[in-house]
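Undergrad: show me the folded form of this:
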Amino acid sequence: MRGRRGSQTTMVAFVDLEERVPNDHPLRTIKAVADEALERLSPKFDRMYLGLTNQRAQIDLRQPHL
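TA: Model (predicted):
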């Protein structure tokens with residue numbers, strides 16, 4: 001997910017996900033590719049989000065919206 005920078009290392013404090021997935025498992029490659037793609041797209045997502053927050057700021061909150 002975008003909001004979290006650190007990786008999730010435990011689930012319910014009983015399972016270490018790093019120990020559960022073997023080092024040579026295809027999911028590790030998929031995760032690495034996805035992480036790289038999201039890192040490259042992050043600036044674009046930031047600009048898109050900024051555009052949304054600017055649009056929200058233009059709404060007059062004093063008037064009821066139907």
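
Undergrad: for the chain, what's the longest helix?
TA: helix 26-57 (DSSP state H).

Undergrad: now do the buried residues in that one.
TA: By neighbour count on 16 or more other CB atoms under 10 Å, the buried set for helix 26-57 is empty. (C-beta placed from N, C-alpha, C; glycine too.)

Undergrad: averaged pLDDT, it. What do you get?
TA: For helix 26-57, mean pLDDT is 84.

Undergrad: helices or strands up against that helix?
TA: If you count contacts as 3 or more CB pairs under 8 Å, 6 or more residues apart in numbering; DSSP states H and E, helix 26-57 packs onto no helix or strand.

Undergrad: list the residues that contact residue 49.
TA: Contacts of residue 49 were listed using CB atoms under 8 Å, 6 or more residues apart in numbering, and none were found.

Undergrad: where's it relative to residue 42, distance?
TA: 10 Å (CB to CB, to the nearest Å).

Undergrad: can you check residue 24 too?
TA: On the measure of CB to CB, residue 24 and residue 42 end up 28 Å apart.

Undergrad: try residue 18
TA: Taking CB to CB as the measure, residue 18 falls 24 Å from residue 42.

Undergrad: just residue 34 next, same as before
TA: Here residue 34 is placed at a distance of 12 Å from residue 42 (CB to CB).

Undergrad: again, but for residue 29
TA: Distance, residue 29 to residue 42, by CB to CB: 21 Å.

Undergrad: same thing with residue 20?
TA: Counting by CB to CB, the gap from residue 20 to residue 42 is 27 Å.

Undergrad: check residue 33 too.
TA: Using CB to CB, residue 33 is found at 15 Å from residue 42.
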